[in-house]
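Colleague: Generate coordinates for the sequence data below:
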Amino acid sequence: MTMFDNKDELSSLPHTKEEASIHTVSLQEEWLQVKVPVPFSLKWVNSYLIPEEHGYTLIDPGLRTDEAIQVWDKVLHYHGLEWHNISRIILTHQHPDHYGLAGYVQEKSGAPVFMSRRAHDYAIRLWGKESQFAEQLQALYAMHGMPTQHREAIALNLETFVDMVSPQPEVTYFEAGDQIMIGGMSWLLLDAPGHANGQLCFYQKERKWMVCGDQVMPHITPNVSIVPGEDGDPLDAFLGSLQELANYEVQLAFPGHRDPFSDFQGRILELQQHHIRRLDKMVRMLEEEPLTAFGMCEALFGNRLNGNAHQLRFAMSETLAHLVYLERQARISSDEREGIYYYSAIIA
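Modeller: Numbering: from 1, shown residues only. Just a heads-up that it's a prediction; the model follows:
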């Protein structure tokens, strides 16, 4: 049930262009950028509504909250659409602010949901009935010095996301290397790991357009995290992905957050330089004294966490990703002391 089920409630829908523009921006080729609210610091996630010969493709519907559903009902009504006009749902990746409404919209529209197999596997591992992710994350953080009260707060915060990604969608898989038609144009699917294993970007060669999910965004540095149950070096994967994406000529990029932008290569360079500075700073800190990952996290992010379990999880997992990268680059080393790992700089 939505909040717009009777005539009195319909009177609250936007009836002017100014009101509708709070949530929608008209783009080229009759695309709509829909700013779907999320209840954390990012403020909104971008969904893209794209006209097809029959119906509309919806990219990344957003997080399932009452506010988000209300926004979607208003946007569809203003543009003369109904849920059954959504003919396909495409997900760039599995993070809840992109994936959460997919099952709900599928139920309302009957539309198929497309995402990569790796991204879907991650979603089921986090929010499926047999999920042990919260326990695995707490065990990882305990090994790296995080106090019990913070670990428990993070586990409780993770539980709140279950409702915001329910119901789970039935999924059809597509994969990097595939070509798909969106808005009457052929798009190449590109693997974009690091921020989210299984994330895909979509590239349109003739228009030089890139739908880039959360891999490259203006003004925001994508979170790159260690994830329990996933091997490898996510920061190395992310930096490698940026280097590959820089080879594509892009005139307009459609990100998962903030507004579409043109300087795609310039933004990639800024992200690369950010991580170089962060890595160098961490090495300098470890030259002064050994630290746990939690100690490093507190030193790097400090008061910005402000007791926020959601932000602490992002900060801690990102800190670990940078420490793993530095250790694999032989710039630092780790040793275990009574079940907790400490990191030190390797002095040449």
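Colleague: Any idea how many residues pack against residue 151?
Modeller: 22 (other Cβ atoms under 10 Å). The C-beta positions use only the backbone N, C-alpha and C, and glycine is treated the same way.
Colleague: For it, which non-adjacent residue is spatially closest?
Modeller: residue 138 (4.5 Å; Cβ to Cβ, 6 or more residues apart in numbering).
Colleague: Same check on residue 47?
Modeller: Residue 47 sits nearest to residue 34 (Cβ to Cβ, 6+ apart), 4.3 Å away.
Colleague: Show me what the helix or strand containing that neighbour pairs with in its sheet, parallel or antiparallel.
Modeller: Residue 34 belongs to strand 32-37 when assigned by DSSP states H and E. Partners of strand 32-37 in the sheet, by DSSP bridges, are strand 24-26 (antiparallel), strand 44-51 (antiparallel).
Colleague: got the buried residues for the helix or strand harbouring the residue nearest to residue 151?
Modeller: Applying DSSP H and E as the criterion places residue 138 in helix 133-143. Applying a neighbour-count criterion of 16 or more other Cβ atoms under 10 Å, one finds 133, 134, 137, 138, 140, 141 buried in helix 133-143.
Colleague: And the average pLDDT for it is what?
Modeller: Averaged across helix 133-143, the pLDDT comes to 96.
Colleague: Export it to CSV, keeping only CA atoms.
Modeller: C-alpha atoms of helix 133-143 as CSV (Å, rounded to 0.1, in the frame of the first residue of the first chain):
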residue,chain,number,x,y,z
PHE,A,133,27.3,-11.5,7.8
ALA,A,134,26.9,-9.5,11.1
GLU,A,135,28.7,-12.2,13.1
GLN,A,136,31.5,-12.4,10.5
LEU,A,137,31.9,-8.6,10.6
GLN,A,138,32.0,-8.5,14.4
ALA,A,139,34.7,-11.2,14.4
LEU,A,140,36.8,-9.3,11.8
TYR,A,141,36.5,-6.1,13.7
ALA,A,142,37.4,-7.8,17.0
MET,A,143,40.7,-9.0,15.5
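Colleague: Adding distance to residue 157, write the buried residues of helix 133-143 out as a markdown table.
Modeller: Output for the buried residues of helix 133-143, formatted as a markdown table (distance: Cβ to Cβ, whole Å):
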| residue | distance to residue 157 |
| --- | --- |
| 133 | 12 |
| 134 | 9 |
| 137 | 11 |
| 138 | 12 |
| 140 | 16 |
| 141 | 13 |
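Colleague: Looking at those residues, which is nearest residue 75?
Modeller: Closest approach to residue 75 among these (Cβ to Cβ): residue 133, at 32.5 Å.
Colleague: show me what contacts the nearest residue to the closest one once chain neighbours are set aside?
Modeller: Closest residue to residue 133 apart from its sequence neighbours, by Cβ to Cβ, 6+ apart: residue 126 at 4.9 Å. Residues near residue 126 by Cβ atoms under 8 Å, 6 or more residues apart in numbering: 133, 158, 161.
Colleague: you'd agree residue 126 is in a strand?
Modeller: No - counting by DSSP: H, G, I helix; E, B strand; the rest coil, residue 126 is not found in a strand; it is helix.
Colleague: From residue 347, how far off is it?
Modeller: As for residue 126, its distance to residue 347 is 40 Å (criterion: Cβ to Cβ, to the nearest Å).
Colleague: what does residue 28 give?
Modeller: Going from residue 28 to residue 347 by Cβ to Cβ gives 54 Å.
Colleague: between the two, who's got more neighbours?
Modeller: Neighbour totals were compared for residue 28 and residue 347, and residue 28 leads with 10 against 6 (other Cβ under 10 Å).
Colleague: Identify the residue spatially nearest to residue 118, adjacent ones excluded.
Modeller: Spatial nearest neighbour of residue 118, excluding adjacent residues (Cβ to Cβ, 6+ apart): residue 198 at 3.1 Å.
Colleague: Let me know how buried residue 247 is, in neighbour terms.
Modeller: That count, for residue 247 with other Cβ under 10 Å as the rule, works out to 7.
Colleague: how about the strands in the protein?
Modeller: Using DSSP state E, the strands assigned to the chain run over residues 24-26, 32-37, 44-51, 56-59, 86-90, 113-115, 171-173, 179-182, 185-191, 200-204, 209-213, 252-255, 332-337, 340-345.
Colleague: Turn the ones you listed into CSV, including mean pLDDT and distance to residue 75.
Modeller: Converted to CSV, the strands of the chain look like this (pLDDT from 0 to 100; distance: least, Cβ to Cβ, whole Å):
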stretch, mean pLDDT, distance to residue 75
strand 24-26, 92, 6
strand 32-37, 96, 6
strand 44-51, 98, 8
strand 56-59, 98, 11
strand 86-90, 98, 12
strand 113-115, 98, 19
strand 171-173, 98, 24
strand 179-182, 98, 19
strand 185-191, 98, 23
strand 200-204, 98, 22
strand 209-213, 98, 19
strand 252-255, 98, 17
strand 332-337, 97, 48
strand 340-345, 98, 47
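Colleague: wait, which of the ones you listed is closest to residue 291?
Modeller: Closest to residue 291 of the strands of the chain, according to Cβ to Cβ: strand 340-345, at 5.9 Å.
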